[in-house]
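J.: Predicted model, plus sequence, below.
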Amino acid sequence: MTDRANAAGTPGAVSGDPATREGRHAHGQDLRVFKGVEAWVFDLDNTLYPASSDLFSQINTRISDYVARALDLPRDQAYLKQKQYYKDYGTTLRGLMIEHDIDPDAFLEYVHDIDYSPVDPNPALGRAIARLPGKKYIFTNGDRPHAERTAARLGISEHFEDIFDIVAAGLLPKPNLDTYRMFLDKTGVSPVRAAMFEDLARNLEVPHRLGMRSVLLVPEGTRAVFREEWELEGDSAPHVDFVTEDLTGFLTAVLGAIDAPQA
């Protein structure tokens, strides 16, 4: 994958081994802007685990199967309908609820009945998250059981204060403003003392407007998972403060900036 950020002349942007590479920056901001952050908010799918785990392709297939059965459509037409609902409503589920009054519980249970074994434990990520000062949250358009199973496979469950899922959001997905407001109301997080990590730039626009530091994760393999260009637009937008290909490396760099003595 081509480098999607400004590596040259940017504080904290370091090339080399991906295991130790620090975060790439979208707009050359200083990592010291994370000083004072008290809440660290992470999306789940293709953010906390790598796109190469390919969990989402399993979910994608089961969504298509569900749409085909629920709407009595051939598989190819169901796939097109699925993607149209996703684009129009934020999730396929919301489109099915609004246009066909489907049962959300049955949908969520079916589409997340997948094999989690491709997700490998990530102790380095766990150590980095554990060292972050303050509270940590998972904020996902998936459901809590899916987030719990994924976090357990990664070995990072114990580091999170809570999971805010699509059910807690009243089935209203990101990037709706009201969804973020519900998250803030439930958790008591102050957005000006928070940072949000996402794999879709459009889901960072509201957090940035509310005052959060915004980090876009674009790991190798993302384009293989997301087939449509509109899903990947905006990595150089003003509401994206930082872009990184390596979450663990980026968090390590942030910790270094936080711990560094004042000049």
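T.: Perfect, thanks for sending it.

J.: what sits against Thr187?
T.: 39, 135, 137, 161-162, 164 (C-beta atoms under 8 Å, 6 or more residues apart in numbering). The way it works is simple: take the backbone N, C-alpha and C, and place the C-beta from them, glycine included.

J.: Relative to Arg131, how far out is it?
T.: 21 Å (C-beta to C-beta, to the nearest Å).

J.: which residue is nearest the centroid of the chain?
T.: Asp43 (2.9 Å; C-alpha atoms, centre = their mean).

J.: Look at Phe56 and say how many residues are nearby.
T.: Phe56 sits with 18 neighbouring residues when counted by other C-beta atoms under 10 Å.

J.: just His146 next, same as before
T.: The tally of other residues near His146 (other C-beta under 10 Å) stands at 24.

J.: I figured it was touching His112, is that so?
T.: Yes - counting by C-beta atoms under 8 Å, His146 touches His112, with 4.2 Å between them.

J.: now the closest residue to Gly211 other than its chain neighbours: how far from Val218?
T.: Excluding the flanking residues, the one nearest Gly211 by C-beta to C-beta, 6 or more residues apart in numbering is Val192, at 3.9 Å. Distance of Val192 to Val218, computed by C-beta to C-beta: 25 Å.

J.: More neighbours: these two, which one.
T.: Taking other C-beta under 10 Å, Val192 and Val218 do not tie; Val218 has more neighbours (24 against 12).

J.: okay but that one is in contact with Leu200, surely?
T.: No - applying C-beta under 8 Å, one finds Val218 not in contact with Leu200, separated by 9.8 Å.

J.: Which parts of the chain are helices?
T.: Counting by DSSP state H, the chain has helices at residues 55-71, 75-89, 92-100, 104-111, 123-131, 144-154, 177-187, 205-210, 222-225, 247-259.

J.: wait, what's in contact with Trp40?
T.: Here Trp40 is in contact with 129, 132, 134-137, 194-195, 197 (criterion: C-beta under 8 Å, 6+ apart).

J.: mind checking how far the closest residue to it other than its chain neighbours is from Val41?
T.: Among residues not flanking Trp40 along the chain, Lys136 sits closest, at 4.6 Å (C-beta to C-beta, 6+ apart). As judged by C-beta to C-beta, Lys136 and Val41 stand 8 Å apart.

J.: If I look at Ala8, what pLDDT would I see?
T.: The model reports Ala8 with a pLDDT of 25.

J.: sorry, that was for Val225
T.: 40.

J.: Please state the offset of stretch 100-107 from the chain centre?
T.: Relative to its chain's centre, stretch 100-107 lies at 24 Å (C-alpha atoms, centre = their mean, to the nearest Å).

J.: What is the neighbour count of Ser214?
T.: Residues lying near Ser214 (other C-beta under 10 Å) number 26.

J.: pretty sure it contacts Leu200?
T.: No - using C-beta under 8 Å, Ser214 is not in contact with Leu200; the gap is 11.3 Å.

J.: Counting neighbours, what do you get for Lys186?
T.: Lys186 has 13 nearby residues by other C-beta under 10 Å.

J.: what about it, distance to Tyr137?
T.: 10 Å.

J.: list the residues that contact both of those two?
T.: Joint contacts of Lys186 and Tyr137 (C-beta under 8 Å, 6+ apart) are Phe164.
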